[in-house]
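> sequence unknown, structure follows:
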């Protein structure tokens with residue numbers, strides 16, 4: 001059996017190695033148009049910033065090491081230009097010599113990846129504009145930074161790559177501005193959770209131009225002006241684009257393979273395309289979202305690796321299936337860690353799901369053990385069924401641990417109420433006896449048994465005509481530092497003695513700093529026969545979100561930080 005693989009990196013290289021492990025007799029040839037067949041593309045921003053100093057550290061395997069261990073022919077600087085399913089060959093061009101030839105196959109695996117979105121705007125031919133996708137892109141940016149010593153940069157796009165590049169350029173001492181059309185960074189997060197990301201980015205001196213549309217570029221004064229709609233240009237020494245990627249599917253399209261959403265390659269759960277003996281994996285393929293079952297494009301290294309292994313199993317006669325992508329991801333943002341899995345509340349509502357959320361601010365480990373750090377968790381679940389749909393966490397320690405537990409729970413099909421039952425490891429330096437994931441489960445279990453919540457979105461709708469009671473249960477000192485207008489202050493520890501100050505027959509909407517004391521207060525109020533609602537997230541959450549919204553809405557016309 002002869003297997004030809006188009007493209008290396010996560011999907012192609014993984015599949016090649018797996019095929020060899022399953023078959024010593026298979027002839028395996030990999031064509032990669034770049035100079036690198038297996039590299040750590042997730043580490044590229046950190047080489048630009050000098051965190052990773054040795055460029056060879058980015059290269060996981062070389063053609064020589066692959067052949068030495070696996071006897072696989074890795075042909076770099078070879079571009080596959082066409083697929084001929086009728087005669088089971090591919091056309092290949094040697095980019096170093098110009099030679100063109102056809103290569104036959106018994107099985108063909110496509111792992112072409114995705115290409116950065118490069119918009120059709122004026123001034124895009126400037127040599128001060130960059131994208132980051134390959135090792136070669138990284139070296140180009142790194143060489144420019146080392147040789148030209150830029151003092152300022154504009155990052156167009158506020159997703160994973162955008163934030164990582166912005167952080168690394170800022171750590172090099174540059175004046176960095178992130179320009180983003182949506183009014184938030186990191187769209188996998190809900191806007192309220194993104195507020196904490198915005199705060200961390202601003203704290204480290206990165207300017208945010210949210211809600212801004214880039215209209216073009218103009219070289220000026222040795223740098224480049226970023227032209228914005230309804231806004232003065234931003235001048236910088238360099239610009240990096242990271243506004244998303246599109247599937248690299250031209251080969252598949254020209255060969256007559258059926259395509260899916262946004263031109264992606266359509267595959268089944270065995271990673272088979274519409275043409276027999278042709279498989280596809282990685283960022284170029286359409287998948288099913290594990291939570292919603294809807295078609296999705298999820299460009300992450302983890303899914304690509306799994307798909308490469310599954311395709312290899314099936315090429316070798318097995319029957320492996322891809323269950324779908326869940327979108328689990330984590331990112332370092334200066335000192336903060338932000339992570340997500342499943343779907344957020346915004347997308348759940350778009351899909352027509354009837355959902356609720358809990359928001360909590362637990363410590364990363366036992367409160368009495370030194371140096372614990374707060375994290376903010378948002379867990380999304382379906383009402384009535386309590387199906388666990390997704391989670392987002394931002395914080396400083398222990399975020400990755402909790403998101404992985406929640407990702408596993410979603411994959412296992414657990415109900416959100418069952419989080420309380422998980423038996424998780426505990427020692428004071430690492431967690432609390434009631435782990436944050438357990439705490440989320442306790443809260444959702446309370447809701448399933450009748451506890452009532454109110455949310456940030458309800459604030460504008462709260463009656464201010466005296467028909468409800470608005471109660472802040474923090475201490476008088478905390479209340480004096482800031483509170484929501486119209487809320488009276490009765491500290492929770494005084495509530496029983498001052499219960500006469502609460503008018504019976506009216507619903508009571510309760511808030512505290514984190515949600516714990518207000519929860520206790522709602523239990524007290526219910527014990528006295530009152531209808532009480534606990535605010536999800538507490539005043540700390542409310543304050544962070546509202547301050548961020550004010551910064552965005554009162555900034556320059558497109559939301560740029562002053």
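Structure's in. What do you need? Just so it is clear, the model here is predicted, and its values are computed rather than measured. Numbers count the residues shown, from 1 in each chain.
> Assumed residue 478 was part of a helix.
Yes. Under DSSP: H, G, I helix; E, B strand; the rest coil, residue 478 sits within a helix.
> Look up how far residue 536 lies from it.
To residue 536, residue 478 is 18 Å away according to CB to CB, to the nearest Å. In short, each C-beta sits where N, CA and C put it, glycine included.
> Looking at these two now, which is surrounded by more residues?
The neighbour comparison of residue 478 against residue 536 (other CB atoms under 10 Å) goes to residue 536, with 25 against 17.
> Please name the residues that touch the more buried one.
357-359, 453-456, 515 (CB atoms under 8 Å, 6 or more residues apart in numbering).
> distance of residue 278 from residue 308?
From residue 278 to residue 308 the distance is 15 Å (CB to CB).
> of these two, who's got more company?
Higher neighbour count among residue 278 and residue 308: residue 308, with 28 against 23, using other CB under 10 Å.
> what's the offset of the helix or strand hosting the more buried one from the middle of its chain?
With elements taken from DSSP states H and E, the one containing residue 308 is helix 301-315. On the basis of CA atoms, centre = their mean, to the nearest Å, helix 301-315 sits 21 Å off its chain's mean C-alpha point.
> Quick check: buried residues in it?
301, 303-315 (16 or more other CB atoms under 10 Å).
> From the contact counts, what lies against it?
helix 9-22, strand 107-110, strand 278-280 (3 or more CB pairs under 8 Å, 6 or more residues apart in numbering; DSSP states H and E).
> For residue 207, find the nearest of the ones you listed.
helix 9-22 (33.1 Å; CB to CB).
> Got the phi and psi for residue 252?
phi -60, psi -40 (degrees, to the nearest 10).
> Surely it is in contact with residue 85?
No. The pair residue 252 / residue 85 is not scored as a contact, 10.5 Å apart, by CB atoms under 8 Å.
> Of these two, which one has the most company?
More crowded of residue 252 and residue 85, by other CB under 10 Å: residue 252, with 27 against 18.
> The more buried one: what's it in contact with?
By CB under 8 Å, 6+ apart, the neighbours of residue 252 are 83, 110, 112, 259, 265, 273, 280, 284.
> So which of those residues belong to strands?
83, 110, 265, 280 (DSSP state E).
> Tell me how many other residues crowd the spatially closest residue to the second one that is not a sequence neighbour.
When you say that, I think you mean residue 110. Spatial nearest neighbour of residue 110, chain neighbours left out: residue 280 (4.1 Å); criterion: CB to CB, 6 or more residues apart in numbering. Neighbours of residue 280 under the rule other CB under 10 Å: 31.
> so how far is residue 214 from residue 228?
For residue 228 relative to residue 214 (CB to CB), the value is 6 Å.
> any common contacting residues for those two?
The contact lists of residue 228 and residue 214 share residue 179, where a contact means CB under 8 Å, 6+ apart.
> quick one on the thing from earlier: for the buried residues of helix 301-315, which one is nearest residue 519?
Distances from residue 519 to those, taken by CB to CB, are shortest for residue 303, at 37.9 Å.
> is the closest residue in space to the closest one that isn't next to it in sequence in a bridge, and if so with what?
The spatial neighbour of residue 303 that comes closest, neighbours along the chain excluded (CB to CB, 6+ apart), is residue 325 at 4.6 Å. Bridge pairing for residue 325 (DSSP bridges) gives the partners residue 289.
> With respect to residue 429, which of the helices and strands packed on helix 301-315 lies nearest?
Ranking the helices and strands packed on helix 301-315 by their distance to residue 429 (criterion: CB to CB) puts helix 9-22 first, at 34.2 Å.
> which of the residues in that closest one are buried?
In helix 9-22, counting by 16+ other CB under 10 Å, buried: 9-20.
> packing partners for it?
In terms of contacts (3+ CB pairs under 8 Å, 6+ apart), helix 9-22 is packed against strand 2-6, strand 27-32, strand 38-39, helix 63-70, helix 301-315.
> Quick one: the ones you listed as CSV, columns for mean pLDDT and distance to residue 397 too.
Conversion of these to CSV gives the following (pLDDT from 0 to 100; distance: least, CB to CB, whole Å):
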stretch, mean pLDDT, distance to residue 397
strand 2-6, 97, 41
strand 27-32, 95, 39
strand 38-39, 66, 30
helix 63-70, 85, 36
helix 301-315, 95, 23
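> what's the closest of the ones you listed to residue 291?
When the helices and strands packed on helix 9-22 are compared (using CB to CB), the closest one is helix 301-315, at 13.8 Å.
> just the angle between that closest one and strand 2-6, please?
160 degrees (axes from the mean of the first three to the mean of the last three CA atoms, to 10 degrees).
> So what touches helix 301-315?
With CB under 8 Å, 6+ apart, helix 301-315 has contacts from 1, 3, 9-16, 18-19, 22, 41-42, 107, 109, 111, 270-272, 279-283, 285, 287, 319-322, 325, 328.
> and if we set it to 7 Å?
The contact list for helix 301-315, computed with CB atoms under 7 Å, 6 or more residues apart in numbering, reads 3, 10-12, 14-15, 18-19, 22, 42, 107, 109, 111, 270-271, 279, 281-283, 287, 320-322, 325.
> Mind jotting down where the strands sit in the stretch 51-200 of the chain?
Using DSSP state E, counting those that start in this stretch, the strands found in the stretch 51-200 of the chain span residues 59-61, 73-76, 78-84, 89-94, 100-104, 107-110, 114-116, 129-131, 152-156, 175-180.
> Quickly, which of those strands bottoms out on average pLDDT?
Least confident of those, judged by mean pLDDT, is strand 59-61 with a mean of 68.
> which residue ranges form the strands in the stretch 451-562 of the chain?
Using DSSP E, counting those that start in this stretch, strands in the stretch 451-562 of the chain cover 452-454, 469-472, 488-489, 508-511, 532-535.
> Quickly run through the sheet partners of the shortest one, with directions.
It stands for strand 488-489. Checking strand 488-489 against DSSP bridges gives partners strand 469-472 (parallel).
> which residues are in contact with the partner strand?
462, 479, 483, 486-490, 502-503, 506, 508-511.
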